[in-house]
Each structure stands twice: as structure tokens, then as C-alpha cells.
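In: Fold the following, please.
(chains A and B)
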Amino acid sequence: MNNETILQVQGLMTEFRTERGIVNAVNDVSFSLERGKTLGIVGESGSGKSVTNLSILKLIQYPPGRITAGQVIFKGENMFERSEEEIRTVRGKHISMIFQDPLTSLNPVIKVWYQIAEALRLHHGMRKKEAKAKSIDLLKLIGIPDAEQRADNYPHQFSGGMRQRVMIAMALSCDPEILIADEPTTALDVTIQAQILELIKNLSREKSTSVIMITHDLGVVADMCDSVCVMYAGRIVERAAIDDLFYDPQHPYTRGLLDSIPRIDRAGGSRLHTISGAPPNLIDIPPGCPFQPRCEKAMNICSKQSPPEFIINGDASRTAACWLHAKEYNNG
Amino acid sequence: MGRYVVRRLLSLIPVLLGVSLIVFFLVRLIPGTALEMYLGTQVEATPEQMEELKRLFGEDKPVPILYIEWLGDILRGDFGYSLRTGRMVLPDILSRLPLSLELTLFSLILALLIGIPLGIASSLRQNSFGDFVSRIGGLLGLSLPQFWLAALMVMVFSRFRGWIPMGNYVSFFDSPLQNLKMLFFPSLAIGIGFAAVVMRYTRNSMLEVLQMDYIRTAKAKGLKKRSVIYFHALKNAILPVITVTGFNAGYLLGGAIVIEEVFALPGMGRLALYAIYQRDYPIIQAVVMVIATLFVVVNLITDLVYALADPRIRLDDVVR
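Out: As a prediction, the model looks like this:
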């Protein structure tokens, strides 16, 4: 039971057709998620982390978005071979999502309890009254004071943190096996952020829910995750267990990210590290490593050929897509 | 909300005062006075007779004085007498008002029944052939003048087909079916342009709403497409349609005035039209006052409906 894989994403490709050309938002991404574990997906804006996760539930809007290759295996079944109707019954019941901005992600003209109750009525066949009672229980669980009265409120009557709590109640209403949290704290105050993360952590531990935590904040990753995938330009450039990532980063991009975090234990006065340049335009990705133009350690081969994911130290869950590791790869 | 309604109704006072001022002086700017229209060109009258007629037609005093007298009268609920028939103005208007209101309401309902479903369907198949056809149809509906459409309908459906019962108007309360039959085509003629407006608003608003984050949330919950579109999306997309409906209800009433004439329906509009031909000032003035009142009331109703539909609006906070 310990290492049971609940979700597996393999060779996922998602593209967007725009007027200027095809954007390869997700380019051959694979990862797996174990039951009860928390996987972090880190990357800067536009690295394809949100699109990857929207693709899992086929929530990419077509047009312009389209999943062109890959499979998502949830409990042994390939989701992409299922009908739209079958995927619909997975959404919200087995896999649910929390989004970045709770204000725009809640329907402004529908009462809060009703929005929570919808999934319960749909997936568990609850009656309206029963679902309302359960919604109020959920609101209490996530720490909304006066839940009975607040249930009849509308989203705009809640504060940002409370709204995100409502989103969490909504996502967890049907006890899903997987919770995908897409930057759940980005739109919130710092003080509220910690509370929300704590809430997600506790609730998912209690029910041994697997979590995919999408974020650009390495602090969140350190706090929440068991393992991490670092994404850059639609690809996973490094994957590692949490400690390995922070203590022994292998990809120059990851190193750059870690160096750009201000640290209290370093001598003051030194300038904070930055990664120069900007992420590549995803419309025509140049041949070679997408990080090569910004990489301090770029070699000849980097601009010619895109590196595969090299396995490090013989551990399949520890990879880096960087030519620096080609030797290790060849040796073992 | 009660306070809000009272405040809005109080705003009727300055509105009606302004309207009364404008209409009173404006109708007198139309060339030809009531008396001249009455006499025509052939009548010879002695100066004494003319004096008497002028007094009867209320043309013996300067206009500002007349205005103040008239204002005093209507404050006491007296809208005066028709210069032509000599009958009291208000009962005449009130007896014809129901038909005009029914026509307006009926055309409004027709427009919404046509416009909203078409708009939704169009938005769901954006840039498809069907969307294209309904947008072109909408543009056409918007561009066709009501009176032309009405005349065409009278010709085709009444003369050749006999679908529109002509002759004496039957009230809804006497014979609902006959009444609706009589009013269907007139209402269609009035409402078709507005149906196009509703269609376009619904379509654009739906397209915008369907991009919203909360629609993604609704889908992520596993909701059926039906409830995503008709509940989550439509509940938001309908808001601008409510606003535009409120604005246009007044114009539909204006449309009714012209269309009543084409279909020979004895409504308030027809009364007003003949009053204008004959410069029957008291009737014109009273009709305009009634319409202005309706306009304000309709706008108030619109705001109340909007507040019901959008919980973010709290009327008592709105400063006007």
C-alpha cells in the first residue's frame, strides 16, 4: 500500500493554437503520484504547470487548446480513452481541483452552500436538504465561523482567505483521492497563506488524499511536498525527493532558483542571485535545451540537441534533463 | 429596499417637471396652432368670433402663463379637455393605455423568447454556420424599420392569408385567444428589432462568461454541460440582458405608437398620433406625461430585477 501509484501521466503533450502559431505549452511530460503523497510541481509563469494539470481532467478548452499525445492513467485506466461523460464522473468525485484566485473561481451569483452542495448532489445523489447540512458541516470543518449563517452568503461577502477555504471545502466535499491545488495561496496575504497550506496539509493527511501542489514558491514546496518536479518551458527538467532537491540540486535551472531565494544564514550585503534572461517563446522553441540561452554552464551540445531526462544515481525517481549528467547516464 | 423604491419614486417629481416643461413648449413649436388646424383654410370668421375661438382654444394668453395654469391643473389631477372632442383627457388615455401596455409587454416577451435562446445557441457554436446565420439575421432584424415590417405583415398575412383578424379590437379579458391572435403580428413587428439586440447581448455576454474561472470550477466539479451552461453561465450572462431590456422597454412603447396605426389598433399611440395631427395639445401633453412616468417606473423595475439577479448589488447603498 505504501508505494501504490494512483496517477500516472505519460508523455503528455498539450498545445494551443494561436494566431502567431502553435504554442507547445506541455512538451512530453511524465510523472507519477503515489497514494497519500504530495507532489510539488514548480516552475515560473508560463512553464506549463497549470496546463499539465488541467490536461489531466481534460479541462483544456478547445479551441485553442488541444492534448495531442500522452496518457493519464488513473487507477489503472487511461483517462484519455474514456468518454467525456466518464471523465465527468471522475471530476470532482475522484480528482478535484483548487484554483489560484478564489474570487474569480467561485460563481458570484450563487450562494456558497449551493456551490459546495452541487458536487455532493451530483456524485453522491444527496437530496438538497441533506447536501446543505453536509455543506454546513464542511464549512465548519474548514474553519468558517457562523457556518449556518455564512452558508447563505455569496462569495463576495467572504474575505480572500475565507473564499479559498470555501474552495477547499468544495474540492474536498466528495472525499476525492487526488486533490490538485493550482497555486492555492498565490492570491492571498502571506499570513493567510500559511493557514491555507496548513488546512490542505491536515485535511489531506487525515483522508490520505494525494495532492499535486502547483506553485512557483519553493517555500510552499519545502513545507508541503514529498517530492518535486521542476518544470521549465513545458518540460520537466528535474525531479527529486524533497530533501534531494534542496540539498543537492542537479539541474542548473533548479540551482538558479534556489540561489535566488534570500537566505537568513548567508552573509548580508551580497547581492541576490538572479537567472538572467527570460523563458523562451514557446511558439518556436529553438533546437537544443530550452534553458541553454540562460544557462551558466551551457556547452556546445546544449544548443544542438535537447537533453533527455538522465537518471541520477540509478534512482528512477531522481532525474535531471541536462547534458551535464550524460556521463553518469552512460556509465550506469 | 423600501427606502430605495421611495427615493426612486421621488425622483419622478423633477423628471416629470422637466418633461412637462419641454413638452408644453415643444408642441407649441409645431407650425400651425390647434385653432388653425381646426378652422382649415376656407373658414371665414368675424374678429369677435375669432376672439371667442381663441379663448376656447386657450390661445388668448402668453404660453408661460398657460403653462403655469396647466401645471396647477394637473397637480389637482385635472388634465383638461380635448380641444377636438371636448371629452376629458385622462379617462380617454387610461381606457387606451391597456392595449398599448399589452402590446409593449407582448413584444418584450416575444423578443426575449426569440433573442435569448438564439443568443445562447449562437455562443455555444461560435463562428459556426448557424452562428453566422443568426448574427446576420440579427443585423437584419436590427436594420428593418418596424413600420415597414408591419406594413409588409399586414399585406401578406392579412390581405392574402387572413391570419390577422381585422376589425374591432377585442380585449384580452373578453376573449384571450382572439386578442392574442390580433396582437401577435403587431408585437412581432415591434419586438423583432429588440429580439436582435437581445440575441447579440446574450451571445456576447455568454461568450465572455464561458471564459470565466468559475465556469472552469463548475466543470472541474464534474457538473453536466447542461447545468454549467444553463445555470452557472446563464445566471451571470443574463445580467447585461436585464439592463438592456430595461432601457428598451421604453422604446418598445414608442414603437407601439407607430405600429398601432399600421394595424389599426385603438391604443394610446393612435390617440397621440391624431392628437399631434390636430394639435390637440392637452392630449399630447398628457400622453407624454404618462409615457415619462412609465419610463421611470420601468427603469425602477429593471433595477429591482437586476438587484434580485445579482446579489452583489445592494440598492440601499447606491447613491443616485
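
In: So which residue is dead centre in chain B?
Out: residue B:253 (1.6 Å; Cα atoms, centre = their mean).

In: what about that residue, is that helix, strand or coil?
Out: With DSSP: H, G, I helix; E, B strand; the rest coil as the basis, residue B:253 sits in helix.

In: ok, the closest residue to it other than its chain neighbours to chain A distance?
Out: Counting by Cβ to Cβ, 6 or more residues apart in numbering or on different chains, residue B:253 lies nearest to residue B:104, which is 4.7 Å off, once chain neighbours are set aside. C-beta coordinates here come from the backbone N, C-alpha and C atoms, glycine included. In this structure, residue B:104 and chain A are 28 Å apart, going by Cβ to the nearest Cβ, to the nearest Å.

In: Contact partners for residue B:104?
Out: B:190, B:249, B:252, B:253, B:256 (Cβ atoms under 8 Å, 6 or more residues apart in numbering or on different chains).

In: try 10 Å
Out: By Cβ atoms under 10 Å, 6 or more residues apart in numbering or on different chains, residue B:104 lies in contact with B:187, B:190-191, B:249-257, B:267, B:269, B:294, B:298.

In: Likewise for residue A:322?
Out: A:237-238, A:250-254, A:289, A:291-292, A:295, A:297, A:299, A:302, A:307-310, A:312.

In: Buried subset of the residues you listed, written for PyMOL?
Out: Of the contacts of residue A:322, the buried ones can be selected in PyMOL as follows, counting by 16 or more other Cβ atoms under 10 Å in any protein chain shown:
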select buried, chain A and resi 237+238+250+251+252+253+254+289+291+292+295+302+307+309+310+312
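
In: Mind checking which of the contacts of residue A:322 are in helices?
Out: A:252, A:253, A:254 (DSSP state H).

In: what's the distance between the last one and residue A:232?
Out: Think residue A:254. Distance of residue A:254 to residue A:232, computed by Cβ to Cβ, to the nearest Å: 9 Å.

In: Need the three-state assignment for residue 25.
Out: Reading this off chain A. Per three-state DSSP, residue A:25 ends up strand.

In: and it, what pLDDT?
Out: Note for residue A:25: predicted pLDDT of 86.

In: Count the neighbours of it for me.
Out: For residue A:25, the neighbour count with other Cβ atoms under 10 Å in any protein chain shown is 24.

In: And the helices in chain A?
Out: Using DSSP H, helices in chain A cover A:49-56, A:84-90, A:102-105, A:112-124, A:128-141, A:147-150, A:160-172, A:190-206, A:218-224, A:242-247, A:252-259, A:326-331.

In: will you turn those helices into a markdown table that also has mean pLDDT and distance to chain B?
Out: What follows is the helices of chain A, written out as a markdown table (pLDDT from 0 to 100; distance: least, Cβ to the nearest Cβ, whole Å):
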| stretch | mean pLDDT | distance to chain B |
| --- | --- | --- |
| helix A:49-56 | 88 | 8 |
| helix A:84-90 | 87 | 5 |
| helix A:102-105 | 88 | 4 |
| helix A:112-124 | 91 | 5 |
| helix A:128-141 | 91 | 13 |
| helix A:147-150 | 90 | 14 |
| helix A:160-172 | 88 | 7 |
| helix A:190-206 | 86 | 16 |
| helix A:218-224 | 88 | 21 |
| helix A:242-247 | 89 | 27 |
| helix A:252-259 | 88 | 27 |
| helix A:326-331 | 59 | 39 |
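
In: May I see those helices arranged in CSV, with distance to residue B:56 as well?
Out: Below are the helices of chain A laid out as CSV (distance: least, Cβ to Cβ, whole Å):
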stretch, distance to residue B:56
helix A:49-56, 80
helix A:84-90, 79
helix A:102-105, 69
helix A:112-124, 68
helix A:128-141, 70
helix A:147-150, 69
helix A:160-172, 72
helix A:190-206, 80
helix A:218-224, 89
helix A:242-247, 100
helix A:252-259, 94
helix A:326-331, 110
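
In: circling back: any shared contact partners between residue A:254 and residue A:232?
Out: Common contacts of residue A:254 and residue A:232, defined by Cβ under 10 Å, 6+ apart, comprise A:42, A:238.

In: before we move on, the earlier item: out of the contacts of residue A:322, which sit inside strands?
Out: A:237, A:238, A:310, A:312 (DSSP state E).

In: Check the last one and give its pLDDT.
Out: This means residue A:312. 83.

In: For the closest residue to it other than its chain neighbours, give its distance to residue A:41.
Out: Leaving aside its chain neighbours, residue A:312 sits nearest to residue A:318 (4.7 Å; criterion: Cβ to Cβ, 6+ apart). Computed as Cβ to Cβ, the residue A:318 to residue A:41 distance reads 16 Å.

In: Which residue of these two possesses the greater neighbour count?
Out: Set residue A:318 next to residue A:41 and count neighbours by other Cβ under 10 Å: residue A:41 wins out with 27 against 19.

In: Now do the same contact list for that one.
Out: Per Cβ under 10 Å, 6+ apart, neighbours of residue A:41: A:29, A:31, A:47-50, A:52-53, A:180, A:182, A:212-216, A:221, A:225, A:228-231, A:236, A:239.

In: what do you get if the cut-off is 7 Å, keeping everything else the same?
Out: Residues near residue A:41 by Cβ atoms under 7 Å, 6 or more residues apart in numbering or on different chains: A:49, A:52, A:212, A:214, A:229, A:231.

In: Check these for burial and list the buried ones.
Out: The buried subset of the contacts of residue A:41 - by 16+ other Cβ under 10 Å - is A:49, A:52, A:212, A:214, A:229, A:231.

In: Going by distance to residue B:242, which of the residues you listed wins?
Out: Each of the buried ones among the contacts of residue A:41 was scored against residue B:242 by Cβ to Cβ, and residue A:214 proved nearest at 37.7 Å.

In: close enough to count as contact, that closest one and residue A:183?
Out: Yes. At 5.8 Å, residue A:214 and residue A:183 qualify as touching, with contact defined as Cβ atoms under 7 Å.

In: Leaving out sequence neighbours, find the closest residue to the residue in the stretch 201-332 of chain A that chain B sits nearest to.
Out: Closest residue of the stretch 201-332 of chain A to chain B, Cβ to the nearest Cβ: residue A:212 (13.2 Å). Distance criterion Cβ to Cβ, 6+ apart; nearest residue to residue A:212, sequence neighbours excluded, is residue A:180 at 4.6 Å.

In: Over to residue A:123?
Out: Distances taken as Cβ to Cβ, 6+ apart put residue A:93 closest to residue A:123, at 4.1 Å, once the chain neighbours are dropped.

In: what sits against the one you found?
Out: By Cβ under 7 Å, 6+ apart, the contact list for residue A:93 reads A:123, A:174, A:176, B:222.

In: Could you export those as TSV, including neighbour count and distance to residue B:60?
Out: Formatted as TSV, the contacts of residue A:93 follow (neighbours: other Cβ atoms under 10 Å in any protein chain shown; distance: Cβ to Cβ, whole Å):
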residue	neighbour count	distance to residue B:60
A:123	21	82
A:174	18	84
A:176	23	86
B:222	22	80
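
In: Nearest to residue B:74 among the residues you listed?
Out: Nearest member of the contacts of residue A:93 to residue B:74, counting by Cβ to Cβ, is residue B:222, at 62.1 Å.

In: What's the separation between that closest one and chain A?
Out: In terms of Cβ to the nearest Cβ, residue B:222 sits 4 Å off from chain A.

In: Assign a three-state SS to that residue, would you?
Out: For residue B:222, the secondary-structure state derived from three-state DSSP is coil.

In: residues touching residue B:79, list them.
Out: Shown in contact with residue B:79 (Cβ under 7 Å, 6+ apart): B:89, B:90, B:282, B:286.

In: For my notes, confirm the second one occurs in a helix.
Out: Yes. Residue B:90 sits within a helix when classified using three-state DSSP.

In: That one: how many residues sit nearby?
Out: 18.
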